[in-house]
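*Asks:* Sharing a model that was predicted from the sequence below.
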Amino acid sequence: MKSIMLMLASIFLSYFAMAQINYQPQTIKVKGSAEKLVEPNEVHLIVNLKEINERNNQLSIVQARDEFLAICNAQLVETENIKLSNANSRLEQKLSLWRKARTEVVQRESYDVKFTDMEKLLSVIETLDKPFVESIDFGEQTHTKITTYRKDVKEDAAKAAIEKATYLAKASGREIGKVIFIEEVDDRYTGATNQFANKMRYEKEKYGGSAKVNFGFSPIGLRYEVLVICELK
């Protein structure tokens, strides 16, 4: 009795496994891929401002902001490309001349500035070598036509899949008919999505001022994979 039950269970499992296979004998299923490297032409600069509360040097966050905006205006940076990214106040402890801890509130603001002119970007970085600029970071790096490039690469991936289906069918003595199914199976977008993968940082206190920047931005990698099912004739 036990052996009969095991046999029935085995038959049932085999049937169930076969039922999971969506087998279409008159079709061909293939994958095609395409990729493209795109040089960024839009770069965001993150500028971190800090008020100064030194004995012989006082500058409020409002004054720091005004000077920063004046620099951007002098470098012809459009106002709509300057966005406040973050503003906060923090408690900091400093040692006085007599080594006593002094606690004070220090205000900071961060701005996200968008550039499409790399020469203007470099000029702004060199001009921002000021005591109230705590640090400068590169933020998002993308391309103004990235949506168009994505579309083109996806189309190329679909064409590659159809081309592959054509020569595979020919190798077996068949021809492909109409396409009956298309699915994007791999959406890989590197460089700009991981916006800090190519992050470069300049901090005046650590590196002694005079921002030296190497514009070796990594290209944006676009790669897409498409699944296509075609009829066989």
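*Replies:* Looks like it came in fine.
*Asks:* is it fair to say Phe217 lies in a helix?
*Replies:* No: using DSSP: H, G, I helix; E, B strand; the rest coil, the secondary structure at Phe217 is coil, not a helix.
*Asks:* any idea how far it lies from Glu78?
*Replies:* Per Cβ to Cβ, to the nearest Å, Phe217 is found 21 Å from Glu78. In short, each C-beta sits where N, CA and C put it, glycine included.
*Asks:* So those two - more neighbours on which side?
*Replies:* More neighbours surround Phe217 than the other of Phe217 and Glu78, with 16 against 12 (other Cβ atoms under 10 Å).
*Asks:* State the number of residues packed around Pro40.
*Replies:* Neighbours around Pro40, by other Cβ under 10 Å: 22.
*Asks:* Kindly report the same for Arg65.
*Replies:* For Arg65, using other Cβ under 10 Å, the count is 18.
*Asks:* residues in contact with it?
*Replies:* Arg65 is in contact with 49, 109, counting by Cβ atoms under 8 Å, 6 or more residues apart in numbering.
*Asks:* Would you map the helices across this structure?
*Replies:* 2-19, 61-74, 118-127, 146-171, 204-207 (DSSP state H).
*Asks:* By mean pLDDT, show me the worst of those helices.
*Replies:* Sorting the helices of the chain by mean pLDDT places helix 204-207 lowest, at a mean of 43.
*Asks:* Bridged to the nearest residue to Asp152 once chain neighbours are set aside, which residues?
*Replies:* Closest residue to Asp152 apart from its sequence neighbours, by Cβ to Cβ, 6 or more residues apart in numbering: Lys36 at 7.2 Å. Applying DSSP bridges to Lys36 yields these beta-bridge partners: Leu222.
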